[in-house]
Each structure stands twice: as C-alpha cells, then as structure tokens.
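Engineer: Let's see this in three dimensions:
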Amino acid sequence: MNQSSSQESPSFLLDRHGDITIIRFNHDSFDRVEIQDIRDQLRDVANKTEPPRFIIDFAHVTFMSSIILGVIMGIHLNICKRGGVLTICGMNEMTLRVFKITKLDKVLTIHENCEAAATAMQNG
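Structural biologist: Down below sits the predicted model:
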C-alpha cells in the first residue's frame, strides 16, 4: 500500500492506500441523523471508486445500532454488484458479538485489524 491520501468528514476518516479505501469511524456511537449522513457519504464514495475495495475500521466504535448495520449491508451489496470487496476490521468484543448474533459474520469478511484486512485483500 504505497500511494496514500486521506479526507475527513465529521463521522469518519477516509484513507486511500493504492486501490484500497479504508474508512475509519471517528467516535464510538452515532445518532440517527449522523447515520443517514454516513450512508449518503459512503454510498457516494463507493459509487465513485474503481475498483470498489473497502475496509471499514470499527476500532473506535463501542455501540452499533441496527441502522448502522443496515448501512453497512447496503454498501456491501452495492460494492458486490460492481465486483468489489468490503472487509470489516477492528471490532471490539461487543461489536463483534452484534455481528455474530445477526449472522453478518457469515456474510462479511472480518479481520482483527486494518493491516490484516489489507494484506488479505491484496493477496486474495
């Protein structure tokens, strides 16, 4: 991952490393309005990125509502339709548990951290 650039919104930091886009959430939870903004911004970024290869880093997130899960799945479906990949990483025990309860761990690839996710994405 040599070429690198970044941009920031109030809710997340967007880093581009080569053809991989890493989305790092800035804080631990989100309100309903913020989630709608996140959805719109991520959809826009996903639609403008070729190839659509994304890592979403949940390292700073401690609470996740069902609405954010819906946003993640919507982005995932959009990316998959275009032949891309979405990987999740950096989850703490609580957020990982939410993904397991909802069985999203069977749908999405989850890695311990961004480095592991990027390595897997580059090798796969």
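Engineer: Now the helix or strand containing Met73: buried residues?
Structural biologist: Element membership for Met73 (DSSP states H and E) is helix 66-81. Within helix 66-81, the residues that count as buried by 16 or more other CB atoms under 10 Å are 68, 71-72, 75-76, 78-79. (Each C-beta comes from the backbone N, C-alpha and C, glycine too.)
Engineer: Residues in contact with stretch 33-53: which ones?
Structural biologist: With CB atoms under 8 Å, 6 or more residues apart in numbering as the test, stretch 33-53 has contacts from 9-12, 14, 19-21, 23, 30, 54, 65, 67-68, 71, 74-75, 78-79, 82-86, 121.
Engineer: Could you list the low-pLDDT ranges of the protein?
Structural biologist: Residues of the chain that meet the criterion pLDDT under 70 lie in 1-10.
Engineer: What helices and strands are in contact with the helix or strand following the helix holding Met73?
Structural biologist: Downstream of helix 66-81, the first helix or strand assigned by DSSP H and E is strand 85-89. Packing partners of strand 85-89 (3 or more CB pairs under 8 Å, 6 or more residues apart in numbering; DSSP states H and E): strand 53-57, helix 66-81, strand 109-111, helix 114-123.
Engineer: okay if I get the ones you listed as a markdown table plus distance to Met94?
Structural biologist: Shown next, in a markdown table, are the helices and strands packed on strand 85-89 (distance: least, CB to CB, whole Å):
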| stretch | distance to Met94 |
| --- | --- |
| strand 53-57 | 16 |
| helix 66-81 | 13 |
| strand 109-111 | 14 |
| helix 114-123 | 19 |
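Engineer: right, and these - which one's nearest Thr102?
Structural biologist: helix 66-81 (6.3 Å; CB to CB).
Engineer: by contact count, what packs against the closest one?
Structural biologist: Looks like helix 66-81 contacts helix 32-48, strand 53-57, strand 85-89 (3+ CB pairs under 8 Å, 6+ apart).
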